[in-house]
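Engineer: Provided below are the primary sequence and the corresponding predicted coordinates.
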Amino acid sequence: MQWVKGKHSLTFGGQVIAQQENVYSPNTLGGINFTNSETAGFTNNTLDATSGNAYASYLLGAVDNASLTETSVQETGARYRNYAIYAQDDWKITSRLTLNMGLRYVIAKPFVEAKNRSSWFNPSIANVAAGNYPGAVQFAGNGPNSCNCSTQVETHYLTFDPRVGFAFSATPKTVLRGSFTINHFNAGSLGGNAQAQGTGLVGYISNPTFTSPDSGITPAFDLQNGFPSYASPPNFDATLNTGYNTTTGATGGTVTYNRPDTGGRSPYTENWNLTVEQALTNSLALQLSYAGSQTHFIPINGGAGIYSDQLNPRYMALGSLLQQNLTPAVLAQAQAMFPEARMPYANFVGTLGQALRPFPQYTSMADPNAGFANAGYHSLQVRLQQRMTNGLYFLTSYTWAKKIDQTGGVISGPHNTPRSAYNLKAERSVADDDVPQSVSVAFVYNLPFGKGHAFGKSGIVNALAGGWSISGITQYSAGVPLGPIVGACLVPYAAGCYADYGTAHVARINGAYGSGGNPTTTPYIDRNAFADAASFTFGNTPRTMAYGLRNPWNLNEDVTAGKDFHFTDRWVFRFQADAFNVFNRTVFGGIQTNIDSSSFGTVTSQANAPRKLQFEGSLRF
């Protein structure tokens, strides 16, 4: 609705968005595998793995290993609801100054499943299989071990999107513009990140795996008897996937945390810009802009803090002791360095490292709603535009920018996992999609020959040279950062590591990427500039831009030439020839960044397409 009076133009309205996303989950057979072991012979009472035949094992029905997935929920229904109202006012303060103000208020409701078919990890529930250690599976709905709710995630109500902008005509040929906005978007339990089944279907799905108990001497089962019995879903047991104990076994599984307090919080971006536009002639304008942004509460791949279930990095000081089974002697050694180390629960079975995990009853934990990362962008943008005059139009732009973040993803979701969920600051670096410089030129030129132009108005010249136009787009941009540089490492119960800096002080060798020799075998980065991280350390190179390394520049020119043939005033035939990457430039890519690979520093692919020519014709009437 809009209300106009005097110098004000007030617009206001609202919207309700109900999103439904159904996912079909069929039963699947993971595979039935046969090996030579089940029909192998023995040498000195030891199974001879070089004998036997997998096909013979198949004919006998001696299965070595098999798995399947059985679900009690063939189709789930994700539900997201958003409510929003907004108001906006254009206020013409003077004939030279206009102010634009707006406010949007959003209530984004967290994910729920249509029939409450979902489950999650609840750290407040005692796990009876693990000596009542905190943390067990909880179910939505009102059945056994349920929360008597549809979701535990809280709705956040302080989601305001203000915006303000101005336009000021300093002189008849000079205009200043500026704006500031806050824009929230959906992530975590609010959707927008492909989590159409929320925190998962633990309890609604069974994934039994059957394996030979003695490396092939005894088959996992006889094929003619079918799969051995297993617990079919649904199974509303709070101890599901619990392991590392004498009650449910020494092998655990994965659970997913729901983050009740922050999972429903919307990430948001603050955008601001200031622009000066100067008319140089009646058709030529120069524009100079500064644009920046800050994004907060970005999802973090792998989670954050204890709900990643990763080992606290300070325990890496225990070294190889972490990988030893927990015994009184091992525990005593650990307590000499960390007095708080203890047996997590009376019936624990596992290593010291497993015991020191925040939730030692599980193999791993997903934390998809952890939104604690940030990103920043700053840029200087220059644009020179010529409106169509005497048959010529062009637009030239140059951007100088820098982007820094912690995760490598914003709206599209995260794709870099921090080395440790306890030290996100260590991941702050130049973003992996940072482009510091880019230049582009677009032009259209109608050649000045033929009827209606300055030259060649005669019939022959008009027929041959009239109606031709040339257009093109030229784009040059710096390569995105290279990284992370990775290598071998040993950081048990953590996410991983990067490489260390090495002895060389300059990383680039053998010239530009692709120059000299065979690009697929010639290394362009010095292996001596890096080293494998020491055991139980995370590596000291940054996530990107170690030694300032970047991928090659992107260079491209596209050109089009065409001619209009006018048969009558109404009938016009257009012939056109297009050349993409007209100079057939090669942009090398796929630089190998694993220092322990024999192809480290080499080119593994072409990042652009080769030259392409095409011809086309069209008829207008």
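Structural biologist: Everything's here; your move. Numbering: from 1, shown residues only.
Engineer: Quick check: phi and psi on residue 547?
Structural biologist: phi 60, psi 20 (degrees, to the nearest 10).
Engineer: That one contacts residue 499, doesn't it?
Structural biologist: No - with contact defined as Cβ atoms under 8 Å, residue 547 and residue 499 do not form a contacting pair (11.3 Å). Where you see a C-beta, it was placed from the backbone N, CA and C, and this is true even at glycine.
Engineer: quick one, which of the two is more surrounded?
Structural biologist: Taking residue 547 and residue 499 together and counting by other Cβ atoms under 10 Å, residue 499 has the greater number of neighbours (26 against 19).
Engineer: if I look at residue 317, how far off is residue 341?
Structural biologist: 12 Å (Cβ to Cβ, to the nearest Å).
Engineer: Of the two, which one has the most company?
Structural biologist: Counted by other Cβ under 10 Å, residue 317 and residue 341 do not tie: residue 341 has more neighbours, with 20 against 11.
Engineer: That one against residue 357, yeah?
Structural biologist: No - with contact defined as Cβ under 8 Å, residue 341 does not count as touching residue 357 (11.9 Å).
Engineer: For the chain, which segments are assigned as helices?
Structural biologist: Ranges of helices in the chain, per DSSP state H, are 54-60, 328-337, 352-355, 459-465.
Engineer: If you count contacts, what does the longest one end up packed against?
Structural biologist: Right, helix 328-337. Contact here means 3 or more Cβ pairs under 8 Å, 6 or more residues apart in numbering; DSSP states H and E; on that basis helix 328-337 packs against helix 352-355.
Engineer: Contacts for the helix it packs on next, please.
Structural biologist: Residues outside helix 352-355 that contact it (Cβ atoms under 8 Å, 6 or more residues apart in numbering): 244, 311, 315, 318, 321-326, 330-331, 334, 341-344, 348, 360, 492-493.
Engineer: one more time with 10 Å, if that's ok
Structural biologist: Residues outside helix 352-355 that contact it (Cβ atoms under 10 Å, 6 or more residues apart in numbering) are 243-244, 250, 252, 311, 315-316, 318, 320-327, 330-331, 333-334, 341-345, 348-349, 360-363, 492-494.
Engineer: re earlier: what's the overlap in contacts for residue 547 and residue 499?
Structural biologist: Counting by Cβ under 10 Å, 6+ apart, the common neighbours of residue 547 and residue 499 are 483, 485, 529, 530, 541.
Engineer: Let me see the confidence value for residue 308.
Structural biologist: At residue 308, the pLDDT value in this model is 94.
Engineer: Disregarding flanking residues, what is the spatial nearest neighbour of it?
Structural biologist: Of all residues not flanking residue 308 in the chain, residue 421 sits nearest, at 3.5 Å (Cβ to Cβ, 6 or more residues apart in numbering).
Engineer: And residue 387, by the same measure?
Structural biologist: residue 283 (4.4 Å).
Engineer: cool, and residue 93?
Structural biologist: Closest to residue 93 by Cβ to Cβ, 6+ apart is residue 99, at 5.8 Å.
Engineer: Tell me who's in contact with the one you found.
Structural biologist: 7, 89, 90, 91, 92, 93, 164, 165, 166, 167, 168.
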